[in-house]
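Chemist: Give me a 3D structure for the following:
(chains A and B, ligands or ions: 1)
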Amino acid sequence: MNAPLGSLDRPNSYIGRAVTRPNAKRLLAGRGRYVTDLVLPRMLHAAFLRSPYAHARIVSIDVEAARAMPGVRLVATGADLARLCTPWVGTLDHFKGMKSAPQLPLPVEEVLWSGQAVVAVVADSRAQAEDAAEAVLVEFEELPPVADIDTAREPDAARAAAGIEDNLCFRSRLDTGGIDALFAGAAHVVEEEFHFGRHTAVTLEPRAILADWDASEGKLTVHHATQTPYQFQDLYSRHYGISEASVRVIAPDLGGSFGMKLHVYHEDMAVVGLSLLCRRPVKYVADRMESFVSDIHARDHRVRARMAVDDDGTILAMDVDDVTAIGAFSTYPRTSAVEGNQVIRLMGAPYRFRNYRAELSVVFQNKVQTSQYRAVGHPVACAVTERLVDLAAARAGLDPAAMRERNLIPDDAYPCSSPTGYQFEALSHQASLVRLKALMDYDALRAEQAALRARGIHRGIGIASFVEISNPSPAFYGIGGARISAQDGATLSVTPSGEVRCLISVTEQGQGTETIIGQIVADQFGVAREKVRVITGDTEITPHGGATWACRGAGIGGETALQAARRLRDNVLALAATILQARPGDLDLRDGIVVDALSGAERVSLAEVARIAYFRSDTLPPDARAQLSITHHYAPQGYPFAFTNGIQGCHVELDADTGLVKVLKHWVVEDCGRIINPLLVDEQVRGGVVQGLGAAFFEECRYDDNGQLTNGSLADYLVPMACEMPDIVVGHIETPTADTALGAKGCGEAGTAAASAAALNAVNDAMAPLGASIAQIPMTPERLLKSLGKI
Amino acid sequence: MKARAFDYARPASVAEALAAFAEADGDASYIAGGQSLVPALALRLQAPAWLIDIGHIAELRGIAVEAGWLRLGALTRHVDAHDHPLIAAHAPLLALAAPHVAHPAIRNRGTLGGSVALADPASEFPAMMLAMGAEMEIAGPEGIRRVPADAFFLDLYQTALEPGELLVALHIPVARPEHRCAFDEIARRRGDYALAGCGIILAMSGGVVEEARIALLSVGPTPLRAHAAEAALTGAALDADAIRHAQAALMDDLDPPDAPEVPAAMRCHLARVLLGRLLAQIAEAA
Ligand SMILES: Cc1cc2nc3c(=O)[nH]c(=O)nc-3n(C[C@H](O)[C@H](O)[C@H](O)COP(=O)(O)OP(=O)(O)OC[C@H]3O[C@@H](n4cnc5c(N)ncnc54)[C@H](O)[C@@H]3O)c2cc1C
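Modeler: Numbering: from 1, shown residues only, chains lettered A, B, ... in the order given. Model prediction:
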């Protein structure tokens, strides 16, 4: 729309083309190299004894019997590792007043959740390590677990961890003023108490790490299934006192991450120490049972919220109280407060109203830590807002779509900001709504719904507008003191045969990062895509950068690649101009050939330029600059975040006698700015929707009153499966950001951001004629039957 | 997790299998399809010193009809219940239930004998044995005996099988022309263990129920017969009233466990809904 056009929009541009992922064939052929596949000489295996209690004091640990078991090389306790590794604290400076207890790889005095690793065993095989872990004797003295968010905040409540003065990790308040008066004078006030269950990532590949301390060189190499190798290079270096350049972190192929593999896990830190102690490579792969009790969980919010609305359905104000429980520690280094912070800041974001008040309480409890997982905070903010919008629409006598038409920020109102202070460059809520209604055939669906209701069939239609945070600047972590980069770096080289190697700091977890970087480089440099080799995920090879999280790979990594490719192209053209005795500005590089820019006539091939530069520099004049490798860094400037937007629709059928819901179809219209690869964007959106529908109907980590996870296996924790998933229709609006030449924003979290909200509205729409409603996800049959009064 | 180390034996006959079990001093498990046992080993819920693989015993195979009974060797796979023409013709209820058991990969390996021997109350096949009035052929040190399904399922994961005994075959009375059967279950995802499930065989004569056999799964510690509901139906014309009475009577048959995710009242409610739907389906088809 208003972005810089030009070469990106050439008819044959790679940018915007649905090309397939070059690495997909390798992975399908079984040639993937995941950490689990790696076997190093003299490699050992770690297993952990875990706490059976949610909260207990460690009275004594007896490892003698375990040490004597076959194949056992080392049994290490918290005290053993504390001698090597400095503690860490999961706070960020810009979250004022935030606190969290210091953490160590393994606990020394008390265990803080059921499933926490307590003692590590290293043996020749994993089975032997597990045998020996069973022989470790730990005497625990049970302490009262903190499991409930309300009792946790009482003054005399038991503490979730020793050394914290209360169970409040962080509190935040936002207030634009004028709230009480607006609510007092409003024609309608709607309110609701929402519950969002805990859930977790359930990646196909679990967490996996292989640490290899080479004492001869003083060098640590860690093969780590992570999104962020540089972050871990920094952390291993600082906490184990090894110089940064002597720490190499390699993120090989990854089987999904969704934010879960960004965080410091106690076992992972321990494995580095175990390798130091054994002076041998040590591998640890979490099994599924361990994943459930040690991977971060997410959500777990109780939100009380209300919305004030005018006579004609104009939203006037929102007032929100969010209490979220995070575990006994705040996660390191990104903390466990970001989700709550985003929940209260994203509330109401698509709408025009200006008055807002919110309070956030982040509470410690004795459960697995929560932290960033796909669409951090978005689904909670979206579901609360969108459900209140529907309730308000009903009160004002408006159709839900008409209610949104009235209240969404108009497409010509930008730039503008939200009442919570987010700055919006350019969004397309209204256009998205129009597109969604057309895709859904909204009016026909409503007519069909009415006809079916008369026959006792309860269908529901839900829509949900959303805003997504992408392309974060240092405002996200950098200013909070975390050594997490907001910039990316790329090194591009022309090989002697005229091909391109691109080493870049963004990483690949299966979403296609390497594919889009290859497209951008090929396009902007001027070669066929097959000529570009993209290499990611190795701190010893690729330049330092933020890597992949929070929807930044395409927007920031992509812009880095674009700028780098343009610079390398300039270098090639300068050299070609020297060779051809032409002016660089008269030349262009197209499909691997240096051409006359105006006529397109071929002048010299890239391969020939490279051949001369590398092998016949004697033929070049003495001042010729044959710089066929460049390194380039790019950090986002301008807006602190590139917001994206969209809207989703969900169509469900409720079986009011069984509480089962069938999702009939789901629609998404989203605006991620310039689309680099429509195929990959659509799949990102669909995958995100599936995770959102999982949260809406299936996924929940259930705990009993003693802080024990009661469904920690894939037999009991339900993930969404193909049979239950609907067709997902995806449409696009493109509003590129003007902050970059590429104009791309994120799309990876869009699907998850609003799918559960649309589903919640759809189910409520289906139940409305039955006089029932629900404000909790997942919407299980039990909860639906209760709200329907059937049980 | 990794299973604890175990020894492995592969007997060629029932006699050899029984001997192998005796030799292991009872510290052994038979393994058939392994679809329940292997996960239990991997989770270290079970750690027998010996695995005795019965998968190669010819006597445990075979699907045949003899003298009014369908004989299913214990090693008959779930997929056969799904596909086999003899089962479709003579034990249609089993064929109706099969698609609800797990997923194709599991059905290809899991055996009917393993499912019935394990007697998971949430399993489809054990409950269908009750509904069909099957008899279990059991081999033990004292020889062969036959136990009717009604006397086979004793308590949670407890059956009439003594330690070391082998289930050899399932004998099912062949379906009669006047039989009408129906099966359905309520599961949150396709292939999951159900929240409640129900299989019904009605012997019908001119719209009147002459005999009713109703079995439920997932509503108690064992698969169970709904005797009260059966009694309510027997002799009645299968109309809306009869269905309502059967549903009401069903409440006397049930005493399900209470759990936060699935309260007892919910299991009762779902069983009642299912029964009503299945009876209506039979009535409609009649
Ligand atoms: C993902 C998944 C989903 C599943 N879903 C369902 C489902 O929806 N419904 C359902 O009913 N089941 C389900 N199952 C279980 C599956 O059907 C099992 O195959 C079945 O319960 C056991 O059969 P098996 O042959 O695999 O037995 P095994 O696992 O080999 O053995 C099970 C037990 O029976 C004993 N045993 C086996 N054969 C004999 C015999 N002939 N005599 C005496 N003892 C014997 C074994 O010693 C063991 O204790 C599921 C399994 C999985 C992995």
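
Chemist: Residue numbers of chain A in contact with chain B?
Modeler: A:125-127, A:130-131, A:134, A:287, A:289, A:657-658, A:660, A:697-698, A:702, A:704, A:710-711, A:715, A:718, A:721, A:723-724, A:780-782, A:785, A:790-791 (CB under 8 Å from any CB of the partner chain). Placement of C-beta: from N, CA and C, glycine included.

Chemist: The residues you listed in helices, which ones?
Modeler: Mapping these onto helices (DSSP state H) picks out A:126-127, A:130-131, A:134, A:289, A:697, A:781-782, A:785.

Chemist: domain ranges for the chain?
Modeler: I went with chain A, as the question did not name one. A:22-32+A:487-634, A:35-143+A:202-294, A:297-474+A:638-787 (automatic domain parsing).

Chemist: could you do chain B instead?
Modeler: Domains of chain B are assigned by automatic domain parsing as B:7-53, B:59-173, B:179-285.

Chemist: Quick one: closest of those to chain A.
Modeler: Ranking those by proximity to chain A (CB to the nearest CB) places domain B:179-285 first, at 3.9 Å.

Chemist: how about stretch B:198-212, does it get close to chain A?
Modeler: No: figure legend: stretch B:198-212 not in contact with chain A (CB under 8 Å from any CB); closest approach 12.5 Å.

Chemist: So what touches that stretch?
Modeler: B:93, B:96-97, B:124, B:127-128, B:131-132, B:175-176, B:178-185, B:213-217, B:229-230, B:233-238, B:242, B:271, B:274-275, B:278-279, B:282, B:286 (CB atoms under 8 Å, 6 or more residues apart in numbering or on different chains).

Chemist: What about these, which are in strands?
Modeler: The strands, defined by DSSP state E, take in B:179-185, B:213-217 from those.

Chemist: I only care about the residues of chain A next to chain B that end up buried; give me the ChimeraX line for that.
Modeler: To isolate the buried ones among the residues of chain A next to chain B in ChimeraX, judged by 16 or more other CB atoms under 10 Å in any protein chain shown, type:
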select /A:126,127,130,131,134,287,289,657,658,660,697,698,702,711,718,724,780,781,782,785,790,791
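
Chemist: coming back round to it: mean neighbour count added to the domains of chain B, as TSV?
Modeler: Formatted as TSV, the domains of chain B follow (neighbours: other CB atoms under 10 Å in any protein chain shown):
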stretch	mean neighbour count
domain B:7-53	17
domain B:59-173	20
domain B:179-285	20
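
Chemist: Mind putting these into JSON lines with distance to residue A:643 and mean pLDDT?
Modeler: Putting these into JSON lines (distance: least, CB to CB, whole Å; pLDDT from 0 to 100) gives the following:
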{"stretch": "domain B:7-53", "distance to residue A:643": "45", "mean pLDDT": "97"}
{"stretch": "domain B:59-173", "distance to residue A:643": "41", "mean pLDDT": "98"}
{"stretch": "domain B:179-285", "distance to residue A:643": "35", "mean pLDDT": "97"}
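
Chemist: For the stretch 51-200 of chain B, which residues are neighbours of the ligand?
Modeler: Listed as neighbours of the ligand in the stretch 51-200 of chain B under the rule CB under 6 Å from any ligand atom: B:54, B:74, B:78, B:101-102, B:106, B:110-111, B:113-115, B:117-118, B:123-125, B:161, B:166-167, B:191, B:193.

Chemist: For residue 95, give me its contacts.
Modeler: I'll assume chain A. A:170, A:172, A:335, A:337, A:341, A:480.

Chemist: That was the other one, I meant chain B.
Modeler: When contacts are counted by CB under 8 Å, 6+ apart, residue B:95 touches B:81-82, B:87-88.

Chemist: Nearest to residue B:267 among these?
Modeler: residue B:81 (25.0 Å; CB to CB).

Chemist: and residue A:24, that's in a strand?
Modeler: No: counting by DSSP: H, G, I helix; E, B strand; the rest coil, residue A:24 is not part of a strand but helix.

Chemist: Can you give me the distance of it to the ligand?
Modeler: For residue A:24, the distance to the ligand (CB to the nearest ligand atom, to the nearest Å) stands at 27 Å.

Chemist: Nearest spatial neighbour of residue 285, chain-adjacent residues omitted?
Modeler: The chain I'm using is chain A. Closest residue in space to residue A:285, ignoring its immediate chain neighbours: residue A:208 at 4.4 Å, by CB to CB, 6 or more residues apart in numbering or on different chains.

Chemist: ah, I was thinking of chain B
Modeler: residue B:180 (7.0 Å).

Chemist: and residue A:218, how many neighbours does it have?
Modeler: 10 (other CB atoms under 10 Å in any protein chain shown).

Chemist: Enumerate every residue touching the nearest residue to it once chain neighbours are set aside.
Modeler: With sequence-adjacent residues excluded and distances taken as CB to CB, 6+ apart, residue A:218 is closest to residue A:246, at 5.7 Å. The contact partners of residue A:246, by CB under 8 Å, 6+ apart, come to A:217-220, A:237.

Chemist: which is the next helix or strand following the helix or strand that contains residue A:192?
Modeler: Assigned by DSSP states H and E, residue A:192 belongs to strand A:188-200. For strand A:188-200, the following helix or strand on the C-terminal side (DSSP H and E) is strand A:208-214.

Chemist: For the spatially most central residue of chain B, give me its contacts.
Modeler: Residue closest to the mean C-alpha point of chain B, counted by CA atoms, centre = their mean, is residue B:126 at 1.4 Å. If a contact means CB under 8 Å, 6+ apart, then residue B:126 has B:115-116, B:119-120, B:153, B:217, B:222-223 as its contacts.

Chemist: hmm, try it at 10 Å
Modeler: Contact partners of residue B:126, counting by CB atoms under 10 Å, 6 or more residues apart in numbering or on different chains, are B:112, B:115-120, B:134, B:149, B:152-153, B:159, B:215, B:217, B:222-223.

Chemist: Spatially nearest residue to the closest residue to chain A within the stretch 1-150 of chain B, not counting backbone neighbours?
Modeler: Residue of the stretch 1-150 of chain B nearest chain A, by CB to the nearest CB: residue B:2 (3.8 Å). With CB to CB, 6+ apart as the criterion, residue B:2 has its nearest non-adjacent residue at 3.8 Å, and that residue is residue A:127.
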